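Have a look at this prediction, sequence included:
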Amino acid sequence: MYIRETTKHRGDRTYSHYLLVESVQTERGPRQHTICSLGGVPPAPPEQWPGLVREIEAAQSGQLPLTDHSPALTRLLQRHPVLEAPPAPRETTSGPPPADDEPVTVRSGRVTVEQAREAGPVHVGHQFWLRLGIDETLAHAGFSEQACRLTELMTLNRLIAPRSEHAMPDWFGRTALADILEIDLSTVDDDTLYRHLDRLHPKRAEVEAALAKRAEQLFNLDGTVYLYDLTASYFEGQGLANAQAQRGHSKDHRPDCKQVVVGLVVDREGFPKAHEVFEGNRSEGTTLGEMLDRLTARAGPAATVVVDRGMSSAQNLQEIRDHGFHYMVASRQSERNQYLEGYEDVEGWQELARPVSPTNPFQHKSQVWIKRSADQTGKAGPVLVLCRSGGRREKDRAIRTTHEKRLLTSLTKLQARVAGGQLKAEAKIQQAIGRLKERYPRVARFYEIAYPDASGQVSWQVDEARRRRAEELDGSYLLKTSRTDLTAEEIWQTYILLTRVEAAFRAMKSPLAERPIFHQLERRVQTHIFLCVLAYHLLCAIEKTCRDQGLYTSWATLRDQLISHQVVTLVLPTVDGRTLSIRKGTTPEPEHRKIYRLLALPEEPMKPVKAWRIDDL
């Protein structure tokens, strides 16, 4: 066993990499076997390498207590825990091994269990990777077998225990991925993963489109309704090399950080159909055209695109129609206010209730009232549906009350500053009043704020009529659609599917940990988000399979239950001086078996691997 330095030359720069290597005897003669990649930083000064290797060998053989490690070995073990495990047994040609079913006599006092690795979650992730045919999709896009494996490794990491590319190799070593995929992961380092991000980048749209089609066929998904919404993901760092990293309205409540805006289209089951990454300061309405261009080639004929009120302008709705889609949208509050008399009408309302399910145990009731319009020629116009929701009424009222308290508190403080002479310039005072109106627009419109008043101070007066009208509209919203063939209930049921996009964003941010983003290059940020979408495909497929079997649970719950299913090496010394090593999965516990049966997966994460060795006398 020894440490070897390898070098690569790129231009006028030289890059070094360090490997822990051993020589093994094979039928073709001696060969070098890489035990572990030590990264690009020297583990110790070169003159200390022989002593460091002797320490590693002593620690693996159990001759060196953990407390006796040198500082160099301690640092090395912290970065590469796999070195603490004894070397894998090597096959020998000294006599044929006994048959699989031949009984052997074991020294029970010397039996050990080694190299325990987490297997349950990665086993499920790998099986669904195969079920969705992602390898075939990547191969069709021109990726090699090695590139397919790297993509799977990075996607499964996002699905199970999200890490940065720098930390992923350590996580690979703590799982049974090497056993399940039957590959050597010791040479996979962060540089390899970063370079693979760059290779994936130009193929994102092609892979995403093929995978969406595959999921539609596999799960018999409905292709008539598409739900589009946006969220934002913020950066750690300044993102100077990324033109899309801009400051904008932060939905993560991190206005101090730059961000990108992520647009996502899902179907009624929540499966992703298309996504796009926009500049962090883009408004919702300006992103619709680009997403519709992406969706046109993937959607079915006369599909309905459901969007939120941020994209409800007449121009955006016409753009949806120009692309050959129907639209369904919640109108802005100003348009809703035109129908105040309709909301006050007590006749003609139909009461609906969202179906109760294990994921939605509360029966939220709403009232809807439909209004069909036509132009002067008699041609049918947009269908309007007035909605009143009891649960939303309480939410709107709580938000308005909170904002009103904050506005009045801020006005009182401003009034005290002016009265105390701390703020004197009229321009500054008017500027402060303007900022408060911008900060609390929902309630500032109810107040007439004056400066200077008759006493030369700041004063305000509430417009009771406007506030009362707002209270009457609490919990109400107006839906508009170009679909003239739907009932009020069907329109309402379709619109509330937008919660599927919100659920997708919650899943991508946690547990898939899409943000914060640590990459600084634009192409790597985009590919990072693409990998999150790939992981979300797997998550949707797993949860959809559970729902079809009557189990309404989250992937996070299943993942936590499966962690205790592991792969181990059972070392059995025999009385005749040989040692039998068996690498296999532990016996699944009842909860593991239940999950595997539910998902129609094999209970064994890997085929058992047996090896014999002749012990030294």
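Cool, the structure landed. Residues are numbered from 1 along each chain as shown.

can you list the weak-confidence ranges in the protein?
Applying pLDDT under 70 to the chain flags the ranges 25-31, 58-70, 72, 74-101, 300-301, 340-348, 353-365, 373-378, 615-617.

Now do the helices in the stretch 51-200 of the chain.
With DSSP state H, counting those that start in this stretch as the criterion, the stretch 51-200 of the chain has helices at 71-79, 120-131, 134-140, 145-160, 168-173, 177-181, 190-200.

Out of those helices, the one nearest residue 391 is which?
Checking the helices of the stretch 51-200 of the chain against residue 391 by C-beta to C-beta gives helix 145-160 as the closest, at 32.6 Å. Glycine gets a C-beta too; all of them are placed from N, C-alpha and C.

mind checking how far the closest one is from the chain centre?
Relative to its chain's centre, helix 145-160 lies at 14 Å (C-alpha atoms, centre = their mean, to the nearest Å).

How about residues contacting that helix?
121-122, 125-126, 129, 134-135, 138-139, 143, 163, 165, 168, 171-172, 175, 177, 181, 183, 185, 188, 192-193, 196, 199-200, 512-513, 531-532, 534-535, 538-539, 555, 559 (C-beta atoms under 8 Å, 6 or more residues apart in numbering).

again with stretch 573-591
Counting by C-beta under 8 Å, 6+ apart, 88-89, 104-107, 110-111, 115, 119, 176, 179, 561, 564-572, 596, 603-606, 608-615, 617 sit against stretch 573-591.

Please convert the buried members of the residues you listed into PyMOL selection syntax.
To isolate the buried subset of the contacts of stretch 573-591 in PyMOL, counting by 16 or more other C-beta atoms under 10 Å, use the following:
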select buried, resi 89+115+119+176+179+561+565+566+567+568+569+570+571+572+596+605+606+611+612+613
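
Which ones among the contacts of stretch 573-591 lie within strands?
Within the contacts of stretch 573-591, residues falling in strands by DSSP state E are 115, 566-572, 609-614.

List just the nearest of those to residue 217.
residue 567 (32.9 Å).

Which residues does that closest one form beta bridges with?
residue 117, residue 585 (DSSP bridges).

and this protein, what are its domains?
Listed by automatic domain parsing, the domain ranges of the chain are 1-85, 222-325+492-520, 331-485.

pretty sure residue 328 is in a helix, no?
No - in this structure, residue 328 is strand, not part of a helix, as judged by DSSP: H, G, I helix; E, B strand; the rest coil.

how far away is the spatially closest residue to residue 183 that is not a sequence neighbour from residue 589?
Distance criterion C-beta to C-beta, 6 or more residues apart in numbering; nearest residue to residue 183, sequence neighbours excluded, is residue 149 at 6.1 Å. Residue 149 sits 29 Å away from residue 589, going by C-beta to C-beta, to the nearest Å.

Neighbour count for these two, which is higher?
residue 149 (19 against 13; other C-beta atoms under 10 Å).

so how far is residue 198 from the more buried one?
In terms of C-beta to C-beta, residue 149 sits 17 Å off from residue 198.

For the stretch 301-450 of the chain, which segments count as helices?
Taking DSSP H, counting those that start in this stretch as the test, the helices found in the stretch 301-450 of the chain are 314-322, 333-336, 340-344, 390-419, 426-439, 441-444.

Determine which stretch of those helices is the most buried.
Highest mean neighbour count of those: helix 441-444, a mean of 16 (counted as mean count of other C-beta atoms under 10 Å).

Spatially nearest residue to the residue nearest in space to the middle of the chain (excluding sequence neighbours)?
Centroid check for the chain by C-alpha atoms, centre = their mean gives residue 508 as the closest residue, at 2.5 Å. The shortest distance from residue 508 to any non-neighbouring residue, by C-beta to C-beta, 6+ apart, is to residue 514 (4.4 Å).

what helix or strand is that neighbour on?
Following DSSP states H and E, there is no helix or strand that holds residue 514.

Now do the contacts for it.
233, 262, 508, 528, 529, 532 are the contacts of residue 514 under C-beta under 8 Å, 6+ apart.

possible to save those as a markdown table with secondary structure?
Shown next, in a markdown table, are these (three-state DSSP):
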| residue | secondary structure |
| --- | --- |
| 233 | strand |
| 262 | strand |
| 508 | helix |
| 528 | helix |
| 529 | helix |
| 532 | helix |
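
would you list the residues you listed in TSV and tack on distance to residue 396?
Below are the contacts of residue 514 laid out as TSV (distance: C-beta to C-beta, whole Å):
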residue	distance to residue 396
233	28
262	27
508	27
528	36
529	32
532	32
